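Q: Starting from these lines, generate the structure:
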Amino acid sequence: MIHVLTVHWKNEDWIEAQFGFLKRHINRSFQVYAFLNGIDPAAYKEKFFYISDEEIKSHATKLNLLADVACMAAESNDDWLIFIDSDAFPIANVVEYAESRLAKYPLIAVRRDENLGDPQPHPCFCITTVGFWKQIEGDWKRGYHWKNATGNMVTDVGGNLLEKLREKNIEWLPMLRSNKLDLHPVFFGIYDNLVYHHGAGSRKPVIRVDKAVFRKPPWVIRKLLTASRIYKFGKNRALQRNLALSERIMREIKSDPEFHLQFSRGAAE
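A: Prediction:
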């Protein structure tokens, strides 16, 4: 059995989109466990195996709680856990991809090197087994710090999981960005040609990599402006552009299950 764990917040559009791609690309029995906040759970009780609408703010805490429920429901330690963001979904055969890799690595997860060098497993997509998650007492919370590409000490969701893996000297398999077309350095990402992650699907689409340039001296800003259209018109224009791109890609997701080919084939924007 495959246990899919996700958190949806206010935006119902992603529920139908995600379910469609899960059904299309997981050719094995699976059940979905979800936190639904700002969404009427009664409207989706037939779709999800388990729903919680408790008002918990921490995304990591919600994932940890869903993992606890799934581990209790699992009939075998060999069952799979798939952690996935609300605005992420598979675009290729998950079972075919993961079976041979889980035989070599106990945990497979997106690693967003492009987000100023983040080294931790990211829960936008992560596969492991019930047995391994229980063995390491898995934890998605932030806490463990690292120095990022700007020289700042930071932490983020997945920080404590990275610490556990490092302390136990456990090798895990990172899924890296495989885009041939990048509309944004972090958003609209394809990982290992298996997973699409929209990025900021339920919040304001400005992240550290967008903001970093505006903390640098003016001459550095001018240099970066020539390198990326994202920073061309300043921070507000970056936000406007990200919003416009997000809305455009969402329309394509709803209308075309092959929308992602533009990123893997490098089609013109």
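
Q: for the stretch 101-250 of the chain, what spans make up the strands?
A: Under the criterion DSSP state E, counting those that start in this stretch, strands of the stretch 101-250 of the chain are mapped to 107-110, 122-129, 146-147, 153-154, 173-175, 189-191, 195-197.

Q: so what's the closest residue to Ala17 other than its chain neighbours scoring on pLDDT?
A: Spatially, and ignoring its direct neighbours in sequence, Ala17 is nearest to Ile253 (5.4 Å; CB to CB, 6 or more residues apart in numbering). Bear in mind the C-beta positions are built from the backbone N, C-alpha and C, glycine included. pLDDT recorded at Ile253 is 95.

Q: what about Ile253, neighbour count?
A: With neighbours defined by other CB atoms under 10 Å, the count for Ile253 comes to 22.

Q: buried stuff in stretch 71-78?
A: Neighbour counts over stretch 71-78 (16 or more other CB atoms under 10 Å) mark Cys71, Ala74 as buried.

Q: for stretch 23-30, same thing?
A: Using 16+ other CB under 10 Å as the test for burial, stretch 23-30 gives His25, Ile26, Phe30.

Q: these two touch, right, the second one and Val95?
A: In this case it means Ile26. Yes: Ile26 lies in contact with Val95 (CB atoms under 8 Å); the separation is 6.5 Å.

Q: Could you check the pLDDT of Gly266?
A: With respect to pLDDT, Gly266 scores 66.

Q: In contact with the one residue sitting closest to the centre of the chain, which residues?
A: In the chain, the centroid-proximal residue (CA atoms, centre = their mean) is Cys124; its distance is 1.5 Å. Contacts here follow CB atoms under 8 Å, 6 or more residues apart in numbering; on that basis Cys124 touches Ile84, Asp85, Ala88, Val110, Tyr191, Val195, His197, Gly199.
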